[in-house]
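[1] Quick check, what structure comes out for this input:
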Amino acid sequence: MRAAWIIRLCLWALLCLFLLAPQLFTGLLQPLTRENAPVIYNQGSLWELTLVHLALTGAATLLASIVAVGLAVLVTRPFGAEFLPLSRSLANIGQTFPPVAVLALAVPIMGFGSAPTLVALFLYGLLPIFENTLTGLTTLSGPVREAAKGVGMTASQRLLRVELPLAAPIILAGIRVSAVISLGTATIGSTVAARTLGEVIIAGLLTNNIAFIVQGGAIVGVLAILIYDALTQIERHFARWLPANLKR
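    The predicted model follows:
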């Protein structure tokens with residue numbers, strides 16, 4: 001356990017050091033560049049690009065979580081059960097429709113920048129959260145539901161105090177998957193002038209500078225690992241936090 005925490009702290013420290021002082025890694029990246037080519041990305045601040053990239057990913061994941069959880073709650077209530085096929089179809093469309101195609105359709109309407117990228121990430125992140133929420137809400141044991149009714153809880157009280165808390169670990173697992181998917185997919189937003197770490201990768205591809213490509217890819221990869229791990233820890237902590245009487 002201690003070794004795992006040491007590895008996490010080392011990764012966070014290494015990432016922050018690279019973002020704040022990338023020139024310290026010049027010697028390591030120098031062999032990946034051609035003569036007279038810049039070694040460290042010099043068309044913007046890596047720290048700033050990372051923060052904007054994370055903000056865009058976070059906003060898309062938050063919106064997808066609100067909509068997906070709301071839809072799942074709706075279709076698991078008696079009055080909304082008939083909308084289950086429609087809502088599942090909408091969530092599936094978000095996953096099957098390529099983000100690049102969403103960008104191509106959104107740019108003429110919304111213009112270049114972060115807006116079309118946010119739409120693409122939002123649609124792409126719906127399905128994992130929706131399906132996990134649906135699973136969590138529909139697999140609760142019958143005795144738990146009956147016990148909640150037996151103590152006089154209303155439908156809304158059962159949802160907020162029993163169903164959602166018990167389903168939370170599964171819901172968080174879906175949010176974790178969605179967040180990591182969005183983090184990687186957000187790089188394509190730079191093709192429509194959104195400020196993301198994709199700028200670094202695209203600049204490397206255009207100038208045949210492998211050092212730039214490695215920088216952009218490495219930052220996104222390390223962020224994905226760290227965010228996945230952080231959300232996994234939150235999920236486990238929440239599962240342990242659940243009252244024992246709710247788990248039975």
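
[2] pLDDT of stretch 7-27, averaged?
    Mean pLDDT, computed over stretch 7-27, is 91.

[3] same check, this time on stretch 97-110
    81.

[4] cool, stretch 126-145 as well?
    Mean predicted lDDT for stretch 126-145 stands at 84.

[5] which parts of that stretch are buried?
    Across stretch 126-145, burial judged by 16 or more other CB atoms under 10 Å covers 126-134, 136-137, 140, 144. Using the backbone N, CA and C atoms, a C-beta is placed for each residue, glycine as well.

[6] where does this structure have its least confident helix or strand?
    The weakest-scoring helix or strand in the chain, judged by mean pLDDT, DSSP states H and E, is helix 244-247 (a mean of 50).

[7] quick one: what helix or strand has F212 in it?
    Following DSSP states H and E, one finds F212 within helix 210-241.

[8] Now do the contacts for the residue most central in space within the chain.
    Among the residues of the chain, the one closest to the centroid is A179, at 0.8 Å (CA atoms, centre = their mean). By CB atoms under 8 Å, 6 or more residues apart in numbering, A179 lies in contact with 57-58, 61, 125, 227-228, 231.

[9] And the helices in the chain?
    Using DSSP state H, the helices of the chain run over 2-20, 26-29, 46-75, 84-96, 99-110, 114-138, 142-150, 155-158, 164-185, 198-207, 210-241, 244-247.

[10] Distance to I40 added to those helices, as TSV?
    As requested, the helices of the chain are arranged in TSV below (distance: least, CB to CB, whole Å):
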stretch	distance to I40
helix 2-20	10
helix 26-29	6
helix 46-75	8
helix 84-96	36
helix 99-110	29
helix 114-138	25
helix 142-150	56
helix 155-158	55
helix 164-185	22
helix 198-207	10
helix 210-241	7
helix 244-247	51
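
[11] ranking the ones you listed by burial, who's on top?
    Neighbour counts (mean count of other CB atoms under 10 Å) averaged over each of those peak at helix 114-138, with a mean of 23.

[12] quick one: low-confidence ranges for the protein?
    For the chain, applying pLDDT under 70 flags the ranges 1, 94-95, 242-248.

[13] how far out from the middle of the chain is the helix holding F212?
    10 Å (CA atoms, centre = their mean, to the nearest Å).

[14] next one: stretch 185-199
    15 Å.

[15] next one: stretch 37-46
    26 Å.

[16] neighbouring contacts of it?
    18-19, 22-23, 25-26, 29-30, 32-33, 195, 199-200, 203, 207, 209, 211-212, 215-216, 219.

[17] now swap in stretch 193-210 and tell me
    32-34, 37-38, 41, 43-44, 46, 49-50, 52-53, 56, 112-114, 116-117, 186-191, 211-217, 219-220.
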